[in-house]
Structures are given as C-alpha cells and as structure tokens.
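[1] missing the sequence, but the structure's below:
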Ligand code: AMP
C-alpha cells in the first residue's frame, strides 16, 4: 500500500494504478462503516484509493475540529488489511495554502437539515471533495448512507460540474444495539453511549408506524420527538421527513423518503436516518 502526502507524489502514484479506480474519502479514525466502503470499492474496482483528511473548512467555529479523534497508524493498518492500494494523507497547508479563495457550493440541497444547523458545513465538504476528486481522478467514489444529505449534495455537485465519476452510496453500518457507527461515538461516556441508542429507537418507532400504515409525515416526526424527549441525556436538534431527492419536507410519505435527525447526547452531536417508502 502506497502512502502519499503531497499532490505531486499522489499524481505520479495514481498514474500507475490499473483502472477502474474506486475512491473512499474519509476523515480517519476508521471503523467498520468506513471499511465497508473499502470492501464495496474492492469488489467493483481494479484499484482502491482512500484519503484521510480532517477537513477544517467543514467544521464550524464552535464545533469539534480540535478534538476530532485521530489515529493514523491504526487507520493505515486497517486500510492495508482491507486491501487498499493507495492512501492520500494531505496536510492542511497543502490543501489550503495561503491565498486560497475558491469555493464549491451547492445551493438548494444544502439549505435544510445539516445545512440549516451547520452553516458553511457543506461548502467545506463540496470544496474538499471536489479537490480530492481532481487530485485522485477516480472512476467511482464511495459514500455512506449515514451522511444521507452529504451523499445527495456530492451527487448533485458531481453531476453539475461534470466530474466523470460514479457516486456509490453504501448502507449504514450499526453497532449491535442499532447505534450508527461514527468516529464521534468515541466521545460518549458509558452512560451516554447507552442513551445514544435513542436515535435508532426513535427512527425505528417512526418506521414501524409507517409500516403499519401511518403516512402522515408530521405524525412520524412526532414519534421521533417523543422518543428523544423521553431520554434525559438526549436533546433533539431536528427531525425531518423529507423527499429523498429534493430533501423538501413532506406532508405525507408517498415515494422514497428520508426520515432523518440530529441530536445531542451529552455534548456529542449525532445524526442518523432511515429511508422509507
Ligand atoms: P467520515 O470519516 O465521517 O467523513 O466518513 C467517511 C465516509 O464514511 C462517509 O462517506 C461516511 O458517510 C461513511 N460512513 C461513516 N459512518 C458510516 C457508517 N456507520 N456506515 C457506513 N458508512 C459510514
């Protein structure tokens, strides 16, 4: 497995990779969810490239950039064991040298949900993903359904800017009790870790109501609110029942829809979602 830091090194290593090339961008502190993306890429592509970069521009001023968990040696061992051919670990100064002033921004899709509660977040995401795409030049790129809006925004950007890259979205991997795997779960103390299952339980309650015939979006949102309010360590930030493609809030669930939420458990902000309909 080649490990590269500068763009120059990456470009010359990239030229030696047999295609098609699958690409898995990450912020590191890898878990089985990330590795499932690598496995999907491994199954479909001749070569697999991954990146590890904690992208400062997608964190707000009061967010957890400084304490975002990092463990590069462990990440590299996991990627190597999963069969990755090339890992790019750019430095912040390499990505954003002084004088940097060009941004990639998707408009409508970034307004609700994560965009509504994390101003500037998606501008950072799309800018770094565009730069990663330009640098790596993959044929396919793999993203997790866990970050459903991110996947939708990246798909839109890829289409709008004519990147010749297929975006593949892979299912959310969960712990045994349903908690979606996330690098941020490491911030939870044992009590909070227990309480954090409330996201999965709340979405499950709404999903089973939907499966039993409740299609009124507000009823489904109310079930999520009720479940989260019953957990003293959790505080709901938003719940949404929206059209899967446009992310516009629904009155009634008819076609493919996204039931999504963000909640604080203690000081840790967690997100999760189910696809219904
Ligand atoms: P991150 O390192 O948090 O930026 O995540 C890198 C990629 O892994 C993104 O495409 C995420 O959506 C994906 N990912 C994160 N958690 C999971 C999970 N539990 N299951 C599947 N994919 C995930």
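    Here it is on my side, so go on. Treat the numbers as computed from the prediction; the structure is a model and nothing was measured.

[2] now the most centrally placed residue in the chain. Nearest residue, chain neighbours left out?
    Central residue of the chain (Cα atoms, centre = their mean): residue 147, 3.5 Å from the mean position. Among residues not flanking residue 147 along the chain, residue 271 sits closest, at 7.3 Å (Cβ to Cβ, 6 or more residues apart in numbering). C-betas here are computed from N, CA, C, even on glycine.

[3] how about the host helix or strand of the one you found: buried residues?
    Using DSSP states H and E, residue 271 falls within strand 268-276. Of all the residues in strand 268-276, those buried under the rule 16 or more other Cβ atoms under 10 Å are 268, 269, 270, 271, 272, 273, 274, 276.

[4] redo those as TSV? Include distance to the ligand.
    TSV is the format used below for those (distance: Cβ to the nearest ligand atom, whole Å):
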residue	distance to the ligand
268	14
269	13
270	11
271	10
272	9
273	11
274	13
276	18
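
[5] up against the ligand, what does the stretch 151-277 of the chain have?
    Counting by Cβ under 6 Å from any ligand atom, the stretch 151-277 of the chain comes close to the ligand at 170, 172, 173, 180, 181, 182, 183.

[6] so the fifth one sits against residue 171, correct?
    Translated: residue 181. No. With contact defined as Cβ atoms under 8 Å, residue 181 does not reach residue 171; the gap is 11.3 Å.

[7] of those two, give the one with the bigger neighbour count.
    A direct count of neighbours by other Cβ atoms under 10 Å for residue 181 and residue 171 places residue 181 higher, at 19 against 12.

[8] quick one: contacts for the residue lying closest to that one once chain neighbours are set aside?
    What sits nearest to residue 181 in space, not counting adjacent residues and going by Cβ to Cβ, 6+ apart, is residue 33, at 4.1 Å. Residue 33 makes contact with 144, 146, 172, 173, 180, 181, 182 under the criterion Cβ atoms under 8 Å, 6 or more residues apart in numbering.

[9] what helix or strand is residue 33 on?
    According to DSSP H and E, residue 33 maps onto helix 32-44.

[10] buried sites along that helix?
    Here helix 32-44 shows 33, 34, 35, 36, 37, 38, 39, 40, 41, 42 as buried, counting by 16+ other Cβ under 10 Å.

[11] so what's the fifth one up against?
    Applying Cβ under 8 Å, 6+ apart, we find residue 37 in contact with 24, 26, 142, 143, 144, 170.

[12] rerun at 10 Å
    22-26, 30, 48, 50, 82, 141-144, 168-170, 173 (Cβ atoms under 10 Å, 6 or more residues apart in numbering).

[13] go on, the third one?
    Contacts here follow Cβ under 10 Å, 6+ apart; on that basis residue 35 touches 24, 26, 42, 50, 78, 79, 81, 82, 83, 84, 173, 181.

[14] from the ligand, how far off is it?
    Distance, residue 35 to the ligand, using Cβ to the nearest ligand atom, to the nearest Å: 9 Å.

[15] which non-adjacent residue is nearest residue 193?
    For residue 193, ignoring the flanking residues on the chain, the nearest one in space by Cβ to Cβ, 6+ apart is residue 185 at 7.1 Å.

[16] over to residue 82?
    Sequence neighbours aside, residue 38 is the residue nearest to residue 82 in space, at 4.3 Å (criterion: Cβ to Cβ, 6+ apart).

[17] which pLDDT value belongs to that neighbour?
    According to the prediction, residue 38 has pLDDT 99.

[18] residue numbering should commence at 240 henceforth.
    Noted, 240 is the first residue going forward, which turns the last one into residue 277.

[19] so it makes contact with residue 325?
    No. Applying Cβ atoms under 10 Å as the test, residue 277 and residue 325 come out as separate, 11.9 Å apart.

[20] which neighbours do these two have in common?
    Joint contacts of residue 277 and residue 325 (Cβ under 10 Å, 6+ apart) are 287, 288, 289, 318.
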